[in-house]
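Enquirer: Just the structure for this:
(one chain, ligands or ions: 3)
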Amino acid sequence: MLEGLDLTPAPAGAPGLQIDAAAASRIHRKADPSYYIETYGCQMNEHDSEVMAGILEKMGYRRVPELEAADLILFNTCAIREHAVERTLGRMAALKRLKYVKPEVIIGVGGCLPQQEGAVERIKKRAPHLDVVFGTHNLYRLPQLLESAQTSEYPVIEVWDAEGEVIENLPAVRPEGVKAWVTIAYGCDKKCTYCVVPYTRGKERSRRPGEIVEEVRGLAAQGYKEVTLLGQNVNSYGKDFAPAAYDFGDLLLDLDRIQDLERVRFMTSHPRDFTRKMVDAIAQSRVVCEQFHLPVQSGSNRTLKRMLRGYTREKYLDLVNYVHDRVPNAVITTDIIVGFPGETEEEFQDTLSLLREVEFDSAYTFSFSVREGTPAARMKGHLPEEVKKDRLNRLMEVQNEISRRRMMAAVGSTLEVLVEGPSDKNPDVLSGRDRGGRLVLFEGPASAGAASGGPGVLTGQLVPVRITEARTWTLYGVRRENELGRRQLAEAAPAEEVSA
Ligand code: SAH
Ligand code: SF4
Ligand code: F3S
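Expert: Residues are numbered from 1 along each chain as shown. Ligands and ions are numbered 1, 2, ... in the order given. Coordinates of the predicted model:
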């Protein structure tokens, strides 16, 4: 096994980020070097990749769409389930040949995986040809790490155990367009017994409200219409402030005052910390959308307790009912884990009955995956894969039926859709989302310009769309103006020329 060059200093508050614009060409000894980032995992990771891209572009790198063409390849990894880890390790191992034929390429791996117990050894074993390994806490050290990698014959490994201060003013390269992600808090202070995130992302640290409001205001001024606030538990935002007098509801109301901003979404919510005051703030605000991703994980009180989720089925149902009372047309989605160690068939049935009772618009369903170092890994009663698979299938069958029904209920209604652009498959069909976060496709003659690669004149606009058809994941409709236009046309035209 290769020796790792360990650069790990104590993470004592980061220095202001000074980025040398000539760094990339110095590191690669060529003009105009390029980078490619492959991202796994959640939105937090997606946004971290935007920050990595921001740092790299300030160093003088240029993005390329293919891995093979890049001088620098970065993997931003996820450790949430074993399946995700295996996939990434396989991908990294497969680059051995590329590194052999193109030894000057620098390959790096960052994100949550290196933070996990034993993962660095695993990475080095599977992909000894990697040049840089870094974690979530020292992402902003990328320039120094790449410089070191260029001169070191060993992989440069720098993974910090502890989170440092929140670093502000990091550059980010966001896709141009309509919506943007904004992190409001890093890390997680919950200790759900199955979950690796508190180990990979560290303690919860909230960004100051002023910094967030400024960032969102800046995005709105650049033309972004929608912002999604990110945190592992957005509802505990601000609890780490001393004194903790400002909470998530206050932040939403402050953002509500930003001009030109049309929509605010947030994820992920934790049922334990979601207060009625926050629901009231959402109900009262103009921009905050009626979308609640509210992971419940299980419908069984015994399982919830063993997961250390901090609420009961009854408390969860109270919250959902309060949301429905205060926020008409709320779209509520969830995450479920089946096959938690010791979960009985009866407890699994409790989860099915909860799905039927709440009627979630959709659910992300997962089979329990053992994470080394977490309390659940050491629990008794791990279930065979077949049992977990069978429960997952039965769960998805129940939920798919509910999702379909919920989508059908939207048929005939008119929804406000924020247009994101022409759909991938057909430039004459526009794609966007309603306030509930549901994907809506509709005919858009105004996609003029889209065919020639432009964004189309409706992109970034809010348009009323009457829903005419629904499938499990997508709503289809007609733009209200078009519909009216057609009706007027029909009224004006001789009867025989008008088709239905
Ligand atoms: N912070 C969020 C989500 C974290 S991870 C929350 O608290 O809900 C996203 C989802 O992955 C979780 O909601 C959970 O359903 C799932 N998950 C996390 N750890 C898992 C594990 N060990 N096995 C299976 N699913 C897991
Ligand atoms: Fe993991 Fe629980 Fe924190 Fe979510 S709240 S990130 S599931 S520990
Ligand atoms: Fe995965 Fe890390 Fe997100 S483990 S789910 S990328 S916080």
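
Enquirer: Just give me how far stretch 19-34 sits from the chain centre.
Expert: 31 Å (Cα atoms, centre = their mean, to the nearest Å).

Enquirer: Oops, could you answer that again for stretch 156-172 instead?
Expert: Distance, centroid of stretch 156-172 to centroid of chain: 19 Å (Cα atoms, centre = their mean).

Enquirer: same check, this time on stretch 273-290
Expert: Counting by Cα atoms, centre = their mean, stretch 273-290 comes out at 21 Å from the chain centroid.

Enquirer: How about stretch 353-367?
Expert: Per Cα atoms, centre = their mean, the centroid offset for stretch 353-367 relative to its chain is 20 Å.

Enquirer: That stretch and ligand 1, are they touching?
Expert: Yes. Part of stretch 353-367 sits near ligand 1 under the criterion Cβ under 6 Å from any ligand atom, namely residue 366. Placement of C-beta: from N, CA and C, glycine included.

Enquirer: wait, does that stretch make contact with ligand 2?
Expert: No. Stretch 353-367 lies out of reach of ligand 2 by Cβ under 6 Å from any ligand atom, never closer than 10.7 Å.

Enquirer: how far does that stretch stretch from start to finish?
Expert: Start-to-end span of stretch 353-367 (Cα to Cα, to the nearest Å) is 18 Å.

Enquirer: quick one: average pLDDT of that stretch?
Expert: The average pLDDT for stretch 353-367 rounds to 98.

Enquirer: Contacts for it, please.
Expert: By Cβ atoms under 8 Å, 6 or more residues apart in numbering, the list of residues contacting stretch 353-367 from outside reads 81, 296, 298-299, 313, 316-317, 320, 331-339, 385, 388-389, 391-392, 395-396, 398-399, 402-403, 405-407, 436, 438, 473.

Enquirer: okay, now residue 470: neighbour count?
Expert: 22 (other Cβ atoms under 10 Å).

Enquirer: doesn't residue 413 make contact with it?
Expert: No. Checked against Cβ atoms under 8 Å, the pair residue 470 and residue 413 is beyond contact range at 10.4 Å.

Enquirer: sorry, back to before: ok, which of the contacts of stretch 353-367 also contact ligand 1?
Expert: Checking the contacts of stretch 353-367 against ligand 1 (Cβ under 6 Å from any ligand atom), the matches are 81, 335, 337.

Enquirer: Can you list the low-confidence ranges for the protein?
Expert: 1-16, 445-456, 482-500 (pLDDT under 70).

Enquirer: how does it divide into domains?
Expert: With domains defined by automatic domain parsing, the chain comprises 5-158, 179-408, 414-492.

Enquirer: wait, which of these is closest to residue 168?
Expert: Taking Cβ to Cβ, domain 179-408 is the member of the domains of the chain nearest to residue 168, at 5.5 Å.

Enquirer: got the CA positions of stretch 54-61 in PDB?
Expert: Taking Å, rounded to 0.1, in the frame of the first residue of the first chain, the C-alpha atoms of stretch 54-61 are listed here in PDB:
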ATOM      1  CA  GLY A  54     -15.900  28.200  -7.900                       C
ATOM      2  CA  ILE A  55     -12.500  27.700  -6.300                       C
ATOM      3  CA  LEU A  56     -11.100  25.900  -9.300                       C
ATOM      4  CA  GLU A  57     -12.200  28.600 -11.800                       C
ATOM      5  CA  LYS A  58     -10.600  31.200  -9.600                       C
ATOM      6  CA  MET A  59      -7.400  29.200  -9.800                       C
ATOM      7  CA  GLY A  60      -7.600  29.300 -13.600                       C
ATOM      8  CA  TYR A  61      -9.200  26.000 -14.400                       C
END
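
Enquirer: helices or strands up against the helix or strand containing residue 148?
Expert: Secondary structure assignment for residue 148, by DSSP states H and E: helix 142-151. Where contact means 3 or more Cβ pairs under 8 Å, 6 or more residues apart in numbering; DSSP states H and E, helix 142-151 is packed against helix 23-28, helix 43-58, strand 106-111, strand 132-134, strand 156-158.

Enquirer: go with 7 Å
Expert: For helix 142-151, the packing partners by 3 or more Cβ pairs under 7 Å, 6 or more residues apart in numbering; DSSP states H and E come out as helix 23-28, helix 43-58, strand 132-134, strand 156-158.

Enquirer: Quick one: residues in contact with the first one.
Expert: Think helix 23-28. With Cβ atoms under 7 Å, 6 or more residues apart in numbering as the test, helix 23-28 has contacts from 31, 33, 59, 60, 61, 71, 143, 146, 147, 150.

Enquirer: May I ask which of the residues you listed has the most neighbours?
Expert: Most neighbours among those, by other Cβ under 10 Å: residue 146, with 27 neighbours.

Enquirer: coming back round to it: relative to residue 164, which of the domains of the chain is closest?
Expert: Smallest distance to residue 164 across these (Cβ to Cβ): 4.0 Å, for domain 5-158.

Enquirer: Is ligand 2 within reach of the closest one?
Expert: No. Taking Cβ under 6 Å from any ligand atom as the criterion, domain 5-158 and ligand 2 are apart, separated by no less than 8.4 Å.

Enquirer: wait, does that domain contact ligand 3?
Expert: Yes. With Cβ under 6 Å from any ligand atom as the measure, domain 5-158 is seen reaching ligand 3 through 41, 42, 44, 45, 78, 79, 80, 112.

Enquirer: Many thanks, have a good one.
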